[in-house]
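S.K.: Turn this into a structure:
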Amino acid sequence: MRRLLRNTSGVSVIEFAIVTPFILSIALYGIEVAYMNAVDMKLSEIALSLADNASRIGQTDNSVVTPTVSETDINEVMRGAQEQAAGLEFATRGKIILTSLERDSATGKQYIRWQRCYGRLGRQSAYGNDSTRNGLNGTALAGMGSGTTKITAGAGSAVMFVEVYYQYEGLLGTTFVRNPVMRKEGAFLIRDNRNLTPGVTGTGGSYPCT
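M.R.: Numbering: from 1, shown residues only. Below you'll find the predicted structure:
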């Protein structure tokens, strides 16, 4: 027993075996947090890019007729958002809600003219819909945006407002995080004159909000 107590030939191996689980846990936690931040930034980019692209619809139209928003236009900008979300399984774990926030010329109220959605995650807009809760029907809409100062549309203009929801799944499951539903918003004022009266024109829309 005395010889065993004096024997130090395996001390380094034992110390390494004791410390390794702690070091490994810290490293894996760092990787998980870094991945979560990367996903969070990607969602923010999707929200801002989609709102920006939607605000530019009709900007390159050289005809003398003021352009409208068509179902084809919406299909194109939504397709761009899907490309940005590649690798996130967004179709099943996410939800994008694109809203046209406008000002009613008769009442001066803010209201939702139309909405289009992508993704099967069970989420609805935090602000309303384009039918029973559009600001003219149901509760009055002060504006949109999660901050204290709400975003509003001016007379004869519109704001393209985007909400992005995503069910996060950690690289290591729920070992370090509880897999929250992430939420991001983006908004851009339309860039050029746009005929808002008809709402969305054309047929073949692939992104109804259900």
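S.K.: The spatially most central residue of the chain sits in which helix or strand?
M.R.: Using C-alpha atoms, centre = their mean, the residue of the chain that lies closest to the mean C-alpha position is Val164, 2.0 Å off. Under the criterion of DSSP states H and E, Val164 resides in strand 158-167.
S.K.: Can you name every helix or strand that that strand contacts?
M.R.: The criterion is 3 or more C-beta pairs under 8 Å, 6 or more residues apart in numbering; DSSP states H and E, and the helices and strands that strand 158-167 contacts are helix 11-55, helix 90-93, strand 94-103, strand 181-189. For every residue, glycine as well, the C-beta is placed using N, CA and C.
S.K.: Quickly compare those and say which is most buried.
M.R.: strand 94-103 (a mean of 25; mean count of other C-beta atoms under 10 Å).
S.K.: Pull the contacting residues for the nearest residue to Ile46 once chain neighbours are set aside.
M.R.: Distance criterion C-beta to C-beta, 6 or more residues apart in numbering; nearest residue to Ile46, sequence neighbours excluded, is Gln84 at 5.0 Å. With contacts taken as C-beta atoms under 8 Å, 6 or more residues apart in numbering, Gln84 has the following neighbours: Lys42, Glu45, Ile46, Ser49.
S.K.: Apply 10 Å and report the result again.
M.R.: With contacts taken as C-beta atoms under 10 Å, 6 or more residues apart in numbering, Gln84 has the following neighbours: Lys42, Leu43, Glu45, Ile46, Ala47, Ser49, Leu50, Phe90.
S.K.: Having no further points to raise, I will conclude here.
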